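Chemist: Dropping the sequence and predicted coords here.
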Amino acid sequence: MSARRMRPPLPDLSPGDAHAVLRWLYALGKISARDVRAALHERDSLVAEATRQTQDFGGHRERFLRSIERLQRSSLERNRPRALARERAAWKAERRYMEALSGLSKTARGKVEAIRERRGLVAAIAAANRLGAPRG
């Protein structure tokens, strides 16, 4: 299972700063004028498409936009219960256990699983680290 790496959000830039950044990237050769024109053209076509679609709603456009705002607001206001600290600690310990098992042979895994049954998760992680190949 691979987790997608999230990109950090773009910093808030004024139009002048954005223009300066684009000129700097162009000067460094990281971006071409064609890339900028293509991005602006794509943005304009997306705005035109969104405008056309909202006009297709006829007289119900404002009602539709209000319902979208309400949906967004309700999803932000939803109170989702957070995991308890002990649940997070248990997940973390399980993840450490699985990581410790990942480099072991089948016989070593069997020994570690037996230790987990008898003495618990912490002892099993310690045993797996002892049985594992030296890391370094």
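Modeler: Perfect, thanks for sending it.
Chemist: Show me what the mean pLDDT comes to for whichever helix or strand R37 is part of.
Modeler: Element membership for R37, per DSSP states H and E: helix 33-55. For helix 33-55, mean pLDDT rounds to 81.
Chemist: before we move on, what about stretch 118-131?
Modeler: Stretch 118-131 comes out at a mean pLDDT of 91.
Chemist: ok, and for it, which residues are buried?
Modeler: For stretch 118-131, a neighbour-count test (16 or more other Cβ atoms under 10 Å) marks 124-125, 127-128, 131 as buried. To be clear about C-beta, it is placed using only N, CA and C from the backbone, and glycine gets the same treatment.
Chemist: Kindly report the same for stretch 24-40.
Modeler: I31.
Chemist: Need the contact partners of it.
Modeler: Contact with stretch 24-40 is made by L22, as judged by Cβ atoms under 8 Å, 6 or more residues apart in numbering.
Chemist: so how far does it reach from one end to the other?
Modeler: Terminal residues of stretch 24-40 are spaced 18 Å apart (Cα to Cα, to the nearest Å).
Chemist: Where does the record place the domain boundaries for this protein?
Modeler: Listed by automatic domain parsing, the domain ranges of the chain are 16-74, 85-131.
Chemist: Highest mean neighbour count out of these?
Modeler: Stretch with highest mean neighbour count among the domains of the chain: domain 85-131 (a mean of 14; mean count of other Cβ atoms under 10 Å).
Chemist: Report the distance from that one to the chain centre.
Modeler: Distance, stretch centre to chain centre, for domain 85-131: 27 Å (Cα atoms, centre = their mean, to the nearest Å).
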